[in-house]
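Q: I would like to see how this sequence folds:
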Amino acid sequence: MKVFVAGATGVLGHRTVSRLVAAGAEVTGVARSPERVCRIEGLGARAAQVSLFDPEPLAAAVAGHDVVVNLATAIPTGERAASPGSWEENHRIRREGSRNLVDAALATGAGTYVQESIALLYADGGDGWLDETSPIVDGDATASALEAEAQAGRFAQQGGTGIVLRFGQLYGYDSGHTVDAIAAVRAGQPAELGAEGAWRSAVTTDDAAAAVLAVLGFGGAGDGAPSGIYNVVDDQPLRRTENVAALAAALHVPVPVPATVEPDLPPGLAVMLRSQRVTSRRLKDATGWQPIHPSAREGWPFVVGEWRWHTAEPQWTERDERTERTG
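A: Numbers count the residues shown, from 1 in each chain. The predicted structure is shown next:
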């Protein structure tokens, strides 16, 4: 299998590339600088220095691949996430970049297209479980994710397999959001947004990468997943305060008081405050995927252990003071 991966050097992308190579796939990853070329080649993949916003060179790079996987994002972190303008780069990647990738995949005969998306799209569900049929509410921070999903749907309508993966909050040692949360808890500061009892659906970056392989038929049941939307989250979501307590326990520090805050966010960003108790049952039934870490209670000790090993500024981080590229 020949797989083209956009976002190959991000916190999810480099794990996916590494696993695909180990599984025997021939992988090409998008790189935007000589340094990132070295990163991709170091994983045993081939690098393509091409832009998602340059359609003709992009199509030439995609040609010959069986699968196109789009994990590219530019999620703002920290205080910048509260500013609608800071989401523009991410919106362009999901709108224009996904459209160009689907055009390239259709033009060059790829059979499968996989698009990253987010579980944050779901409306507040209170204490109820949310699946792929649950109501969604878009906003300034999430509208472009729906447009990217529509591109995967367009690919399926043209006869290919179009798959959308709605990831829960990703956490891993090299994630900017994770590094910020660790710093907050160690300083005794609130580490979550939203009501104390609200549910938070998350998934480690390693389990998320395994889900990408599962929908392609690697390490799962059968030949992969059919076209459609699939949630990718831990088995057991935690409430906001439970998640902070689990992180504090992994760090061996007291739980911050208060553990959460409810800021006055613009309406378009209020999505970050919703209670979302999401299930991945559909993905499991289709592929046999199973997260190694069933909840953040097990996930945080693993992630904190990796963070301590790599130090607070790991070599694979795609985070600067402004933006975390999670794909």
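Q: element containing the closest residue to I118 other than its chain neighbours, please.
A: Of all residues not flanking I118 in the chain, A145 sits nearest, at 5.3 Å (Cβ to Cβ, 6 or more residues apart in numbering). Any C-beta I mention is one placed from the backbone N, CA and C, and that applies to glycine too. Here A145 sits within helix 143-157, counting by DSSP states H and E.
Q: run through the stretch 51-200 of the chain and note the low-pLDDT ranges.
A: Applying pLDDT under 70 to the stretch 51-200 of the chain flags residues 76-86, 140.
Q: now do the strands in it.
A: Along the stretch 51-200 of the chain, counting by DSSP state E, counting those that start in this stretch, strands occupy 67-70, 75-76, 112-118, 129-130, 161-167, 169-171, 192-193, 199-200.
Q: I'd like those as CSV, with distance to N231 and mean neighbour count appended.
A: Output for those, formatted as CSV (distance: least, Cβ to Cβ, whole Å; neighbours: other Cβ atoms under 10 Å):
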stretch, distance to N231, mean neighbour count
strand 67-70, 17, 28
strand 75-76, 18, 24
strand 112-118, 10, 27
strand 129-130, 8, 20
strand 161-167, 5, 25
strand 169-171, 12, 25
strand 192-193, 21, 23
strand 199-200, 13, 25
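Q: follow-up on the earlier one: so which elements touch the helix holding A145?
A: Counting contacts by 3 or more Cβ pairs under 8 Å, 6 or more residues apart in numbering; DSSP states H and E, helix 143-157 packs against helix 88-92, helix 98-108, strand 112-118, strand 161-167.
Q: for the stretch 151-300 of the chain, which segments are assigned as helices?
A: 176-186, 205-215, 240-251, 281-287, 296-310 (DSSP state H, counting those that start in this stretch).
Q: now for the first one, which elements pack on it?
A: Just to be clear, that refers to helix 176-186. Packing partners of helix 176-186 (3+ Cβ pairs under 8 Å, 6+ apart): strand 169-171, helix 240-251, helix 296-310, strand 323-324.
Q: and if we set it to 6 Å?
A: Secondary-structure packing of helix 176-186 (3 or more Cβ pairs under 6 Å, 6 or more residues apart in numbering; DSSP states H and E): helix 240-251.
Q: restrict stretch 302-312 to CA atoms and write it as PDB.
A: The C-alpha trace of stretch 302-312 is given here as PDB (Å, rounded to 0.1, in the frame of the first residue of the first chain):
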ATOM      1  CA  PHE A 302       2.000   7.100  30.200                       C
ATOM      2  CA  VAL A 303       2.000  10.600  28.800                       C
ATOM      3  CA  VAL A 304       3.700  12.200  31.800                       C
ATOM      4  CA  GLY A 305       6.300   9.500  31.800                       C
ATOM      5  CA  GLU A 306       7.100  10.200  28.100                       C
ATOM      6  CA  TRP A 307       7.100  13.900  28.900                       C
ATOM      7  CA  ARG A 308       9.600  13.500  31.700                       C
ATOM      8  CA  TRP A 309      11.800  11.300  29.400                       C
ATOM      9  CA  HIS A 310      11.800  13.800  26.600                       C
ATOM     10  CA  THR A 311      11.800  16.900  28.900                       C
ATOM     11  CA  ALA A 312       9.300  19.700  28.700                       C
END
